[in-house]
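Q: Could you look at this predicted model? Sequence included:
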Amino acid sequence: MSSGRVCVGAIAGAFGVSGEVRLKSFCTEPEAIADYAPLWSEDGSRTFRPTITQAIKNGLAARLDGVTSKEAADALRGTRLYADRDALPALPDDEYYHADLIGLEVRDTGGTVLGRVRSVLNHGATDLLEIEAEGLADTVLLPFTRDAVPTVDLSAGRIIADPPEGLWP
């Protein structure tokens, strides 16, 4: 995926029988996903222009141009949707797009390299940085809070972390 695009949602399958899709929006304001159209498939081969029809449990119902049947909507299940970065709003200081954090080097406050950000997860309470560390079989989940991550330096490509006691092996 081009660094010029950011994942803003995913298609979760069909909604009804007339071609609407279940849309999961990763945007702060879920309905704003339609404002960033055209949305691209991960490989950039397809574009989508969603029209939100209603809010539903765990997402949105939407129509996509050219999708007119339940089967066509179901065939798109799992398709991640990407917006051009310049279509997205500028973020305030100390807020980041997840795509900007993935791949950053993570160092502790003493300068020791801890690893690299593999992904950013959120299971409800707060974002977690999944860190891959050399020599560890498993990844480490670091809370993405100001206490645990006092510095994010995108221009230098690194994060300074102060992991909670006992988190790092």
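A: Nice, thanks for sending it over.
Q: got the phi/psi numbers for Ala32?
A: phi -70, psi -20 (degrees, to the nearest 10).
Q: what comes into contact with the longest helix along the chain?
A: Ranked by residue count, the top helix of the chain under DSSP state H comes out as helix 70-75. With contacts defined as C-beta atoms under 8 Å, 6 or more residues apart in numbering, helix 70-75 is touched by 11, 13-21, 64, 66-67. For the C-beta atoms, the positions are set from N, CA and C on the backbone; glycine is no exception.
Q: Just put the residues you listed in CSV and tack on distance to Pro89.
A: Listed next are these as CSV, based on distance: C-beta to C-beta, whole Å:
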residue, distance to Pro89
Ile11, 23
Gly13, 29
Ala14, 30
Phe15, 27
Gly16, 31
Val17, 35
Ser18, 32
Gly19, 30
Glu20, 27
Val21, 24
Leu64, 23
Gly66, 28
Val67, 27
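Q: Can you tell me which of these lies closest to Ile131?
A: Ile131 has its nearest neighbour among the contacts of helix 70-75 in Ile11, at 29.3 Å by C-beta to C-beta.
Q: Pull the contacting residues for Val117.
A: So Val117 contacts Leu101, Ile102, Gly103, Leu104, Val106, Leu129, Glu130, Ile131, Ile159 (C-beta under 8 Å, 6+ apart).
Q: among those, which ones are buried?
A: Leu101, Leu104, Val106, Leu129, Glu130, Ile131, Ile159 (16 or more other C-beta atoms under 10 Å).
Q: what would those residues look like in a markdown table with pLDDT?
A: A markdown table is the format used below for the buried ones among the contacts of Val117 (pLDDT from 0 to 100):
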| residue | pLDDT |
| --- | --- |
| Leu101 | 93 |
| Leu104 | 96 |
| Val106 | 96 |
| Leu129 | 95 |
| Glu130 | 96 |
| Ile131 | 95 |
| Ile159 | 96 |
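Q: Dump those residues to CSV, plus secondary structure.
A: Shown next, in CSV, are these (DSSP: H, G, I helix; E, B strand; the rest coil):
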residue, secondary structure
Leu101, helix
Leu104, coil
Val106, strand
Leu129, strand
Glu130, strand
Ile131, strand
Ile159, strand
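Q: quick check, nearest of these to Arg85?
A: Leu101 (14.3 Å).
Q: Hmm, Leu129 is touching Thr145, no?
A: No. Using C-beta atoms under 8 Å, Leu129 makes no contact with Thr145, being 10.2 Å away.
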